[in-house]
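Engineer: Sharing a model prediction with you, sequence too.
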Amino acid sequence: MTEKSSAATPEGAVAEGELTALLGTMPYAVSLGVELEAASPAETRGHLHWAPERCTIGGALHGGALMSLADAVGAVCAYLNLPPGAAGTTTVESKTNFFRALREGTARAVARPLHTGRSFVVVQTDLYDDEGRRLGQTTQTQAVLLPRT
Ligand SMILES: CC(C)(COP(=O)(O)OP(=O)(O)OC[C@H]1O[C@@H](n2cnc3c(N)ncnc32)[C@H](O)[C@@H]1OP(=O)(O)O)[C@@H](O)C(=O)NCCC(=O)NCCSC(=O)Cc1ccccc1
């Protein structure tokens, strides 16, 4: 995410009516089918429904799709934790463990900040199935982008 909008302040949650516009700053996530449910600095939630065209062999949701879900939800969480004066954020590192395959239902992402610094925001995103079983976990590092002069 490279542009600050007036949709939210780092102190507060994003209004429900602003979630679509916020996700719309990431067209790839939108085209994949990621949906944003709630976004605040403390916790951001989103989901991606299982679909055959999002699968790899054996009907398992593709790992890249899960990473994309985690990255999009994590990026919003990082954005909401940017320090004053920041212009935006971008992913510079990401690591995912896949604990179980998703073959039906919905992958649900819950992102929380691990570290909010002047240079980097680190976000941990847990991925769950509809039964609350953990599908995986992503830890990503987001750079704090300053305005270009
Ligand atoms: C199977 C295993 C790898 C290992 O499981 P463990 O650590 O030993 O854990 P545990 O024993 O607790 O079992 C947990 C569940 O697994 C089931 N199960 C166990 N063994 C087998 C077996 N031999 N065969 C089948 N299933 C087996 C087991 O029944 C249980 O389910 P249940 O409770 O019965 O319903 C598991 O961690 C897994 O499926 N992870 C997700 C992998 C995944 O979906 N990756 C993404 C797609 S790849 C991709 O897209 C590439 C890519 C990536 C990134 C970017 C771009 C591209």
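Structural biologist: Arrived safely, thanks for sending.

Engineer: The ligand contacts on this structure?
Structural biologist: 56, 60, 62, 63, 64, 67, 98, 99, 100, 101 (CB under 6 Å from any ligand atom). Bear in mind the C-beta positions are built from the backbone N, C-alpha and C, glycine included.

Engineer: quick one, what contacts the closest residue to the ligand within the chain?
Structural biologist: Per CB to the nearest ligand atom, residue 63 is where the chain lies closest to the ligand, at 2.3 Å. With contact set as CB atoms under 8 Å, 6 or more residues apart in numbering, residue 63 has these partners: 56, 96, 98.

Engineer: closest to residue 130 among these?
Structural biologist: Nearest to residue 130 among the contacts of residue 63, counting by CB to CB, is residue 98 at 17.1 Å.

Engineer: what's the spacing between the closest one and residue 12?
Structural biologist: 33 Å (CB to CB, to the nearest Å).

Engineer: Quick check: of the contacts of residue 63, which has the highest neighbour count?
Structural biologist: residue 96 (18 neighbours; other CB atoms under 10 Å).

Engineer: Quick one, grab the pLDDT at that residue.
Structural biologist: Confidence at residue 96, expressed as pLDDT, is 98.

Engineer: so it bridges to which residues?
Structural biologist: residue 138 (DSSP bridges).

Engineer: Could you do residue 120 as well?
Structural biologist: As for beta bridges, residue 120 partners with residue 143 under DSSP bridges.

Engineer: Hmm, residue 140 and it touching each other?
Structural biologist: No. Applying CB atoms under 8 Å, one finds residue 120 not in contact with residue 140, separated by 10.2 Å.

Engineer: Can you give me the buried ones in the helix ranked longest in the chain?
Structural biologist: In the chain, with assignment by DSSP state H, the single longest helix is helix 63-79. Under the neighbour-count criterion of 16 or more other CB atoms under 10 Å, helix 63-79 has 65-79 buried.

Engineer: quick one: that helix to chain centroid distance?
Structural biologist: 3 Å (CA atoms, centre = their mean, to the nearest Å).

Engineer: more crowded one of residue 120 and residue 140?
Structural biologist: Counted by other CB under 10 Å, residue 120 and residue 140 do not tie: residue 140 has more neighbours, with 24 against 15.

Engineer: so how far is residue 128 from the more buried one?
Structural biologist: 17 Å.

Engineer: Next up, the contacts around the residue most central in space within the chain.
Structural biologist: With distances taken as CA atoms, centre = their mean, the residue of the chain nearest its centroid is residue 73 (1.5 Å). The contact partners of residue 73, by CB under 8 Å, 6+ apart, come to 34, 36, 44, 45, 46, 109, 110, 111, 125.
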